[in-house]
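A.B. asks: Here's my sequence, what's the structure:
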Amino acid sequence: MSNLSGFVKRLRDIMRNDAGINGDAPRIEQIVWLLFLKVYATKEADWEWADEDYQSIIPEPCRWDSWAARKDGREMTGDKLLDFVNNTLFPTLKTLPVDADTPIRKAIVQTMFAEANNYMKDGVLLRQVVNIIDDLKLDDYRESHAFGEIYETILKELQSAGSAGEFYTPRAVTDFMARTIRPRIGEQMADFACGTGGFLVSWLKELHKQVKTTEDGAAFSHSIYGIEKKQFPYMLCVTNLLLHDLDNPQVYHANTLQRHLLDYTAADSFDVILMNPPYGGSEKADVKNHFPGDLASSETADLFMSVIMYRLKPGGRAAVILPDGFLFGTDNAKLNIKKKLLSEFNLHTIVRMPGSVFSPYTSITTNILFFDNTGPTETTWFYRLDMPEGYKHFSKTKPMKLEHFDPVTEWWDNRRELTVDGFDKAKQFTARQLAQELGYNLDQCGYPHQEEEILAPLDLIHRYEEQRASLNAEIDRVLAEITAKLGGNAE
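C.D. replies: Take a look at the predicted model:
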């Protein structure tokens, strides 16, 4: 297992010498499609052992053992290997025959390679990379488990790989949310923008503790549902789930927001939803047309909140990460979403998180909203999670850890109002207070002693846009009230 410790570094060192690899994202994508094929080959060996009639969807010449596995110096390399990968392997896998009846575990191969690329231009260096990956002994339980942890380091690298960082939610956060939502055997959890699969894996790890029988195992294997819009994180997610022994990952490469909100039925709903919706992003203009006028927004996080509310089963539970802009925003869509949330759902807890949790991808402060589909909100608790002692801020070298959530975990089952230096740290509000007295401003129990924030330029622009929209909406509301009192027409 010692060869695993430097796995990522050895691959990186080789790829640095290849003219086709010009940054973090191409390097990681190159590693991921190769890893997927190695992992898939290991899985197929298990499936063939369990079912003598099993037939691979991958033609024999394109299966890992045929072209990639070591053959005592007789394996393809150089221009021959490069020609095979570019002109046989990729064209074959991209056009595998898949239809609605194709089992998920077979269909994912074609979906994985639909938009994948081979970036390497040196066949000798490609062979060196393939050899390192082929040396992984994924059929050995201990090494396979160890590699599952190594894979996490690849996902963490996304945080420093440009915009790809948006697909990675720190594992401490996903683990805390999955633990706090308290999974139960038989429930199905969904993430409609699942990225690299962090929430799905955290849910599976928490649920696995309850698997006792064969029936439990069957329910466990069908307990997650994910959708991811972008190809790269989708590839990472599927490989991640296969590494965590989910043979039929119900994860789909699609855009959740392309479906009309009112088309969802009870069959499209889930027991639990765990999400970190993308925010500050942009969608095609016609996406807003898929939402009722009062909920249509140009902010992706708002749109996902509407989807979540429409797809949470009666009695279901949700935990969702949202930026501060959602809490204080008073533009029409945000206001209507918050009205719907409080009047139709039980928004029982909001956990405020420090601004550096998602560093270095973004410094915008985020929050976790916990709510149930059990009737209207009566009271909402706010809890501010302060930086742990000895930390000024989180960073790549000092990331957030699960134990940093211990204070909120200890408070969760023994709730009480808390003040620190005269400022609210934990406080309960009635729904009436939030709606009538505070005008749906959920920005409560914030950080009173924050140093001056230095935001990245795009974060700064996004913050100003949200604050301007909120102020404009507040001005419009006040003017409408004045006009009404004067007996005029608000229009």
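A.B. asks: Show me the shaky parts of this structure.
C.D. replies: By pLDDT under 70, the low-scoring segments of the chain are 1-5, 157-167, 280-283, 360-361, 449-460, 462-467, 469-474, 476-478, 480-481, 488-491.
A.B. asks: And it, split by domain according to the record?
C.D. replies: 2-155, 255-477 (automatic domain parsing).
A.B. asks: Identify whichever of the ones you listed lies nearest to Asp247.
C.D. replies: domain 2-155 (5.6 Å; C-beta to C-beta). Every C-beta, even on glycine, is put in place using the N, C-alpha and C of the backbone.
A.B. asks: any idea how far the residue nearest to Pro407 when sequence neighbours are not counted lies from Val124?
C.D. replies: Among residues not flanking Pro407 along the chain, Leu385 sits closest, at 6.7 Å (C-beta to C-beta, 6 or more residues apart in numbering). Look at Leu385 and Val124: by C-beta to C-beta, to the nearest Å, they are 51 Å apart.
A.B. asks: same check, this time on Phe36
C.D. replies: Taking C-beta to C-beta, one finds Phe36 at 23 Å from Val124.
A.B. asks: Among the two, which residue is more densely surrounded?
C.D. replies: Phe36 (23 against 15; other C-beta atoms under 10 Å).
A.B. asks: follow-up on the earlier one: could you say which one of the domains of the chain comes nearest to Trp203?
C.D. replies: domain 255-477 (6.4 Å).
A.B. asks: can you give me the offset of the closest one from its chain's centre?
C.D. replies: Its chain's C-alpha centre and that of domain 255-477 lie 16 Å apart, by C-alpha atoms, centre = their mean, to the nearest Å.
A.B. asks: Equivalent analysis for stretch 199-210, please.
C.D. replies: On C-alpha atoms, centre = their mean, the centre of stretch 199-210 falls 14 Å from the chain's centre.
A.B. asks: Could you list the residues in contact with that stretch?
C.D. replies: 169, 171, 174-175, 177-179, 183-185, 189, 191, 194, 216, 220, 223-224, 226, 237, 240-241, 244, 246, 251, 272, 274-276 (C-beta atoms under 8 Å, 6 or more residues apart in numbering).
A.B. asks: Report the contact partners of Met177.
C.D. replies: Contacts of Met177 (C-beta under 8 Å, 6+ apart): 199, 202, 274, 319, 321, 368.
A.B. asks: pretty sure it belongs to a strand, no?
C.D. replies: No. Assigned with DSSP: H, G, I helix; E, B strand; the rest coil, Met177 falls outside any strand and is helix.
A.B. asks: how far away is it from Val272?
C.D. replies: Taken as C-beta to C-beta, the span from Met177 to Val272 is 10 Å.
A.B. asks: go on, Trp47?
C.D. replies: Computed with C-beta to C-beta, the distance linking Trp47 and Val272 is 29 Å.
A.B. asks: Those two: which is more packed in?
C.D. replies: Val272 (24 against 16).
A.B. asks: Name the nearest residue to the more buried one, ignoring sequence neighbours.
C.D. replies: Met189 is the one closest to Val272 (C-beta to C-beta, 6+ apart), at 4.2 Å.
A.B. asks: Direction included, what does the longest strand along the chain pair against?
C.D. replies: Ranked by residue count and defined by DSSP state E, the top strand of the chain is strand 312-323. With DSSP bridges as the test, strand 312-323 is paired with strand 270-275 (parallel), strand 366-372 (antiparallel).
A.B. asks: Can you give me the buried ones in it?
C.D. replies: 312-313, 316-323 (16 or more other C-beta atoms under 10 Å).
A.B. asks: tell me the two of those that are most distant?
C.D. replies: Farthest pair in the buried residues of strand 312-323, by C-beta to C-beta: Lys313 and Pro323, 26.2 Å.
A.B. asks: where along the stretch 201-350 of the chain do the helices fall?
C.D. replies: With DSSP state H, counting those that start in this stretch, the ranges of helices along the stretch 201-350 of the chain come out as 214-221, 231-243, 300-311, 324-328, 332-344.
A.B. asks: For Ile28, find the nearest of those helices.
C.D. replies: helix 231-243 (8.0 Å).
A.B. asks: who's in contact with that closest one?
C.D. replies: 25, 29, 32-33, 35-36, 39-40, 43, 108, 111-112, 114-116, 144, 147-148, 151, 154-155, 158, 164, 167, 194-197, 200-201, 204, 224, 226, 228, 249, 251, 253.
A.B. asks: With just CA atoms, put it into CSV.
C.D. replies: Taking Å, rounded to 0.1, in the frame of the first residue of the first chain, the C-alpha atoms of helix 231-243 are listed here in CSV:
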residue,chain,number,x,y,z
GLN,A,231,-19.4,16.4,-17.8
PHE,A,232,-16.2,16.7,-15.8
PRO,A,233,-17.7,16.6,-12.3
TYR,A,234,-20.1,13.9,-13.5
MET,A,235,-17.1,11.7,-14.4
LEU,A,236,-15.6,12.3,-11.0
CYS,A,237,-18.9,11.5,-9.3
VAL,A,238,-19.5,8.2,-11.0
THR,A,239,-16.0,7.0,-10.4
ASN,A,240,-16.3,8.1,-6.7
LEU,A,241,-19.5,6.1,-6.3
LEU,A,242,-18.0,3.0,-7.9
LEU,A,243,-15.1,3.2,-5.5
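A.B. asks: Trp381 and Gln444, how far apart?
C.D. replies: Distance from Trp381 to Gln444, counting by C-beta to C-beta: 10 Å.
A.B. asks: Same check on Val98?
C.D. replies: In terms of C-beta to C-beta, Val98 sits 49 Å off from Gln444.
A.B. asks: sorry, back to before: need the strands paired with strand 312-323 in JSON lines (columns: distance to Phe328).
C.D. replies: JSON lines is the format used below for the strands paired with strand 312-323 (distance: least, C-beta to C-beta, whole Å):
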{"stretch": "strand 270-275", "distance to Phe328": "20"}
{"stretch": "strand 366-372", "distance to Phe328": "11"}
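A.B. asks: just so I know, which of those lies nearest Thr300?
C.D. replies: Checking those against Thr300 by C-beta to C-beta gives strand 270-275 as the closest, at 11.6 Å.
A.B. asks: Output that closest one in PDB with nothing but the alpha carbons.
C.D. replies: Extracted in PDB, the C-alpha atoms of strand 270-275 (Å, rounded to 0.1, in the frame of the first residue of the first chain):
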ATOM      1  CA  PHE A 270     -37.600  12.200  -2.500                       C
ATOM      2  CA  ASP A 271     -37.500  11.500   1.300                       C
ATOM      3  CA  VAL A 272     -34.300  13.600   1.800                       C
ATOM      4  CA  ILE A 273     -32.600  16.300  -0.200                       C
ATOM      5  CA  LEU A 274     -29.000  17.400   0.500                       C
ATOM      6  CA  MET A 275     -27.600  20.100  -1.700                       C
END
